[in-house]
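1. Compute the structure for the input listed below.
(chains A, B and C)
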Amino acid sequence: MDKLALDIAHFLAGSLVLVSLMLLYQDRLPALLNVFAFQAIILALSVAWQAYVQGASDLYLTAAITLSVKAIIIPVALHRMIRRLGIHREVETAINIGPTMLAGLGLVALSVVVILRVTVNADVFAREDLAFALSVVLLGMLMMVTRRNAVSQVVGFMSLENGLILAATGAKGMPFVVEISVAFSVLIAFIVIGIFLFRIRERFDTVDLEAMDDFRGESR
Amino acid sequence: MIDTSLIDGLSIQVSQMLLVLLLSPLLTGLVRKVKARILRRRGPPLLQSYRDLIRLVRKEAIVAESASWLFRIVPYIVFATTWVAAALVPTFATGLLFSWSADLIVIIALLGSARFFLALAGMDVGTSFGGIGSSREAMIATLAEPALMMIVFTLALVAGSTQLSTVAGIMLSPGVGLRVSIGMALVALVIVAIAENARMPVDNPATHLELTMVHEAMVLEYSGRHLALLELSSSLKLLLYFSLIACVFVPWSLAPAGAPLHVHLIGAAVYVAKLGVAGILLAVFESMIAKMRVFRVPDLLGAAFMLGFLGTLLLFVSRSL
Amino acid sequence: MTNWAPLDVLLWCILAHLVTSGVAIPIGRVSWARWPVYGASLLISGVACAYGLMHLIAQSSVAWETVLPLGLPWIGAHFRLDALSAFFLVVINLGGVAASLYGLGYGRHESAPERVLPFFPMFLAGMNLVLLAADAFTFLLSWESMSLASWALVMTHHQEEGNRKAGYVYIAMASFGTLALLLAFGLMAGPDGGYAFATMRADGAPSGLAGLVLGLALLGTGSKAGLVPLHVWLPLAHPAAPSHVSALMSGVMTKVAIYGFIRLAFDLLGPISWWWAVPVLIVGAVTAVLGVLSALMQNDIKRVLAYSTIENIGLIFVALGLALAFQGNGMTAAAAVAVTAALFHVLNHSLFKSLLFFGAGAVLTATGERAMENLGGLLNRMPTTGLLFLVGSVAISALPPLNGFASEWLMLQAILLSPELPQWALKLLIPAVGAMLALAAALAAACFVRAFGISFLGRPRSAAASNAHEVDRISIAAMSILAVLCLLAGIFPAIIIDAVAPAVQTIIGTRMPVQTDIAWLSIVPIAESRSSYNGLLVFIFIAASASLAVFAIHWLASAKLRRAPAWDCGFPDGSPATQYTADSFAQPLRRVLGGFAFRVHEEIHVPLPGNGSPARLIVTVHDLIWEWLYEPLIRLVNVLAERLNHLQFLTIRRYLSLVFGELIILLLILASWT
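-> Below is the predicted model:
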């Protein structure tokens, strides 16, 4: 039973790292948001499994919040937003997928090595969790560094935060995890909305999206 | 005592050699038929590939004036290496007499030999189409190798061996359990198999446009019995990859060495069923997806490599915890 | 003769080489001069090879040693013959035999034989002497003589501008390498001056400096072997020399450098630390991939072969790095597999690289062209050379059942043993290195499809290619011998592994399990259940299947054949210029991998309609190592030389004050010395 539990935790954490790597090479915004939603779903499952294994029932709440906010609300809101801004067909250029992926793999290897060497005496589940959490955090940072589009950078930041949530659930007895998660999510949501509204307003002196159609022209 | 097991092993080996040779055109026919049906056509009959081969073999071979002796012997070399490789992958039984003479690395290298000579044949006549095929094939094969290496590494880590009979045996045992690395290795192997067999989305086996060909461009100048051998070889290669995926990832009903005859027969029937399912899946997948631009293929193979490497990494993590 | 110690026989052989070299000086210009010189080299190398082989097969762990009263009076010249030296002697003298035989045929077309003949035996002598040297002075002296002799051979056709630059870069890099080795040996000898290898072996590395000595050894031997970034001289120098000398330099001299590294790292430095493996593995893997990628960008056949040598040296160093990792962790069985793979590849590479260079020499003799863009269709004009070059290409691409695959397989098996290593850095580095190895092998296959396909297949692209003729029988005999050896080494790898085992035992302390006892002559590196390979059976299967297919089809179906114009999709093209060129073949790979490694840039200039000038495709490939490492260094050296040049033109008073100042400084130091 214990081995099966470890296998499932390993499976979920590994899938999370895989999805985080997939985030790196998406160059179309709707696909990026969908993969991000998928990442949040897997994160929720992973947190729920940790809750089951550790017997900490407040983590179920964290899982539920992650699922609802990060997997449903924020992606849907962002989808709507980019649709209304008309940038949903944008293709990001110059990501240079090959070296970025290799760098991502290197970061995963690095975080695995670091965590496994540092936490020799910890519990197996916690080590597993922390190793992959650090990978997700580093991959989120890599994404923020290699992207130019504001939406992609925000997604990178939220993916980084997902990694932090995974790390927090791995360490037992961390208080206020639920509250911190909610606070962060709301903060990010407001930042995202705020960025866009302020940018639009400063660029076009109006928040009226109809006015932007005049500036579209042939370039899109 | 030793003689009976020797005879058993030999008979299994010989029957497997004949089985793969006889089944491969049927597999190709099945894939074509299912694709046609999905496109709401009737499609050629299932046995059409056999008829095509017999017809081609009876025809006169027309060879270009600028072709050398290499052009004429390459089909035989390609066929021989592919057939030997296909005969060494356990299909319905693991008790092949000669399975210890070649492990997974050797099988991959044998296919590499076939590809090497085929690429040379593409360049032999001195037309630009052959050059297109050979150079693109070189690119695809080169980028598929690291991915294959990672898959071999993952399997060697899980099973502790690269000998296919041993790998199949260990995958059947309950100690393996649910592993995300094996899933990753499976997806990576499927991607590599598609690239190596010149299937959609990497290459279109039914295209008539030369600039979209890879494999077809290399065999453009071949006719008659040479073309028949090359077509048979590519069917054999497809069968080999299906058998490889089945042997490693879906190894149920593989008859172990020394099992009675009815177990072998059941194994053979299940194997044919596995091939059928795989053929149908391939046909459905090919119909769903469009052909990729040639220079997007490296991204696809890079994804396969990434999956393989990540699988290896995750295996290391889980082994040391 | 039979009861002479093998070491003495070998020393006499070296002396005989030197005598031949001396004799060649006066008779160099005579038309038949090559017969006695190459004939003598052939015989002497043959004897040396036989004695080396005898020592290896005798499987004795006895090492023959002797001290001659040459060189420095208080040191003398130490010589030693152990199993490791014996193995490398076999490899080198086998190459020497083949090159001498080839030289008998090829040398007929040599325009300046008096520049080649005296130095050829000297080159062989220098290489043999390095292998037998057992003290630092003899080693370095032989190393330098080897470099100088080969430099003289590189400068044979010094009238060509490219060759002069090649010689210049070569001698500069060779001097750098010797300097590094000098420092390494100096550190090992310590302040007591224990220059004999026996003393170094007994004392081990000076404490804390083992890593530094290893780095210097890597620099010194790596520059001769061709490791990145010290490889820049190799693609310039190897093609510049005559073809049989190129074969010796690529196939044999690089192996002497590897011998030097093995001797220093595994034998003289004492106990191995695991982290030594990390730089060796990284450098080896990068060398392998970069070497073969560069080979894909070249147009000159010989430069392709030179870069391919760099790739194979990278592979050998990867195997040696694996051996260091395993040995440093006490996993001697795995280390034995890795070292066996490395030594096997040493033998294989010398065989097929010599074969390929001989083939390139044959093409050069027949057509006068080295650029692949001007060749084509040679397989119809030179069928035997083409077949032998094909064998070499298949062997170097690591395809079964030839020898390149056998050593590659063994290397991959060693890599698959790496999960047992305890250190995480190694555990993660080695799969990455394995992937790079697979990439290098695949690129090598692509490179040789290109090299063979463009040169020998297709239609002739120039008059020289369409008028080519087959070369003389002696050259073909030399190539055939190597081709047959490639096939035999691939089919019977068990015999080679067992022959190499005494050398492995010398280096590691253990050896692989006896292979020739295994049924059917398979090779089993670790255990039967883990993996095994039978080259003989695979070869028999392939041959049998092919024959069966031929018989079945010719008997049951049609055997008719008709020649007709090429189909070419219904658009037959008379001009051979529409074929794929070497650059076009490499274009997909250049586009995918070249942008990162070489900053490849392609430009197309299409003239406007009405303008009759041709369109142009310009491909720019940068050698980043040359541009970022060497050019700044060269500029720095030039700037320094410019500044220091002022010292040539000082007045007498300034010179006197300079000397006076020096004297004062030395006296001050002496005064403050405690």
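2. show me where the stretch 1-150 of chain B has strands.
-> B:61-64 (DSSP state E, counting those that start in this stretch).
3. pLDDT weak spots in the chain?
-> In the absence of a named chain, this looks at chain A. Counting by pLDDT under 70, chain A has low-confidence residues at A:1, A:87, A:90-95, A:171-179, A:181-182, A:197-198, A:200-202, A:204-220.
4. not quite, I wanted chain C
-> C:1-4, C:59-61, C:674.
5. Which residues of it lie near chain A?
-> Contacts of chain C with chain A, taken as CB under 8 Å from any CB of the partner chain, map to C:W424, C:A425, C:L428, C:F596. Any C-beta I mention is one placed from the backbone N, CA and C, and that applies to glycine too.
6. In the helix or strand containing the last one, which residues are buried?
-> Spelled out, that is C:F596. Secondary structure assigned from DSSP states H and E places C:F596 in helix C:595-598. Within helix C:595-598, the residues scored as buried using 16 or more other CB atoms under 10 Å in any protein chain shown are C:A597, C:F598.
7. hang on, the earlier thing: any idea which of the residues of chain C next to chain A is the one closest to C:L443?
-> C:F596 (13.7 Å; CB to CB).
8. thought the closest one was touching A:P99?
-> Yes: contact criterion CB atoms under 8 Å: C:F596 and A:P99 qualify, at 6.8 Å.
9. So which residues on chain A come close to chain C?
-> A:G98, A:P99, A:A109, A:V112, A:V113, A:L116, A:R117.
10. Narrow those to those that are buried.
-> Here, 16+ other CB under 10 Å leaves A:G98, A:A109, A:V112, A:V113, A:L116 buried among the residues of chain A next to chain C.
11. B:V317 is in contact with the last one, correct?
-> Yes: A:L116 lies in contact with B:V317 (CB under 8 Å); the separation is 7.0 Å.
12. what's the overlap in contacts for the two?
-> Counting by CB atoms under 8 Å, 6 or more residues apart in numbering or on different chains, the shared contacts of A:L116 and B:V317 are A:A131.
13. Of all residues in chain A, which one is nearest the centre?
-> With distances taken as CA atoms, centre = their mean, the residue of chain A nearest its centroid is A:S159 (1.9 Å).
14. Need the pLDDT of B:L18.
-> Confidence at B:L18, expressed as pLDDT, is 92.
15. for B:G133, that is, sorry about that
-> The predicted local confidence for B:G133 is 91.
16. quick one on the thing from earlier: closest one of the residues of chain A next to chain C to B:A64?
-> B:A64 has its nearest neighbour among the residues of chain A next to chain C in A:G98, at 38.8 Å by CB to CB.
17. nearest residue to the closest one other than its sequence neighbours?
-> Of all residues not flanking A:G98 in the chain, B:G302 sits nearest, at 6.2 Å (CB to CB, 6 or more residues apart in numbering or on different chains).
18. How about B:P25?
-> Nearest to B:P25 is B:S49, by CB to CB, 6+ apart, at 3.6 Å.
19. And the helix or strand hosting B:G276, what does it pack against?
-> For B:G276, the host element (DSSP H and E) is helix B:261-288. Using 3 or more CB pairs under 8 Å, 6 or more residues apart in numbering or on different chains; DSSP states H and E, the elements in contact with helix B:261-288 are helix B:2-38, helix B:224-249.
20. Please work out which of those is packed deepest.
-> Mean neighbour count (mean count of other CB atoms under 10 Å in any protein chain shown) peaks for helix B:224-249 among the helices and strands packed on helix B:261-288, with a mean of 24.
21. quick one: that one near chain C?
-> Yes: applying CB under 8 Å from any CB, one finds helix B:224-249 in contact with chain C at B:G224, B:R225, B:A228, B:L229.
22. List the contacts of stretch C:523-530.
-> B:100, B:160-163, B:166, C:333-334, C:337, C:340, C:406, C:410, C:413-414, C:417, C:493-494, C:497, C:512-513, C:515, C:518, C:531-535.
23. Now, the residues you listed that are in helices?
-> B:166, C:333-334, C:337, C:340, C:406, C:410, C:413-414, C:493-494, C:497, C:535 (DSSP state H).
24. buried subset of these?
-> Neighbour-count burial (16+ other CB under 10 Å) applied to the ones in helices among the contacts of stretch C:523-530 gives B:T166, C:A334, C:V337, C:T340, C:A406, C:L410, C:Q413, C:A414, C:P493, C:A494, C:I497, C:G535.
25. how about the residue of chain A found nearest chain B, what does it touch?
-> Per CB to the nearest CB, A:G14 is where chain A lies closest to chain B, at 4.0 Å. Contacts for A:G14 (CB under 8 Å, 6+ apart) come out as A:F132, B:V180, B:S181, B:M184, B:L310, B:L314.
26. Could you work out the most separated pair of those?
-> Longest distance between any two of the contacts of A:G14 is 14.2 Å, between A:F132 and B:M184; criterion CB to CB.
27. of those two, who's got more company?
-> With neighbours defined as other CB atoms under 10 Å in any protein chain shown, A:F132 and B:M184 compare such that A:F132 has more, 30 against 27.
28. correct me, but that one touches A:A13?
-> Yes: here A:F132 reaches A:A13: they are 4.0 Å apart, a contact under CB under 8 Å.
29. overlap in contacts of the two?
-> Shared contacts of A:F132 and A:A13 (CB under 8 Å, 6+ apart): A:L166.
30. Check whether C:I171 really touches C:A152, as I assumed.
-> No: using CB under 8 Å, C:I171 makes no contact with C:A152, being 10.1 Å away.
31. Check the spacing between B:K274 and chain C real quick.
-> According to CB to the nearest CB, to the nearest Å, B:K274 stands 25 Å off from chain C.
32. which residues touch C:V130?
-> Residues near C:V130 by CB under 8 Å, 6+ apart: C:F139, C:S142, C:W143, C:M146, C:V256, C:Y259, C:G260.
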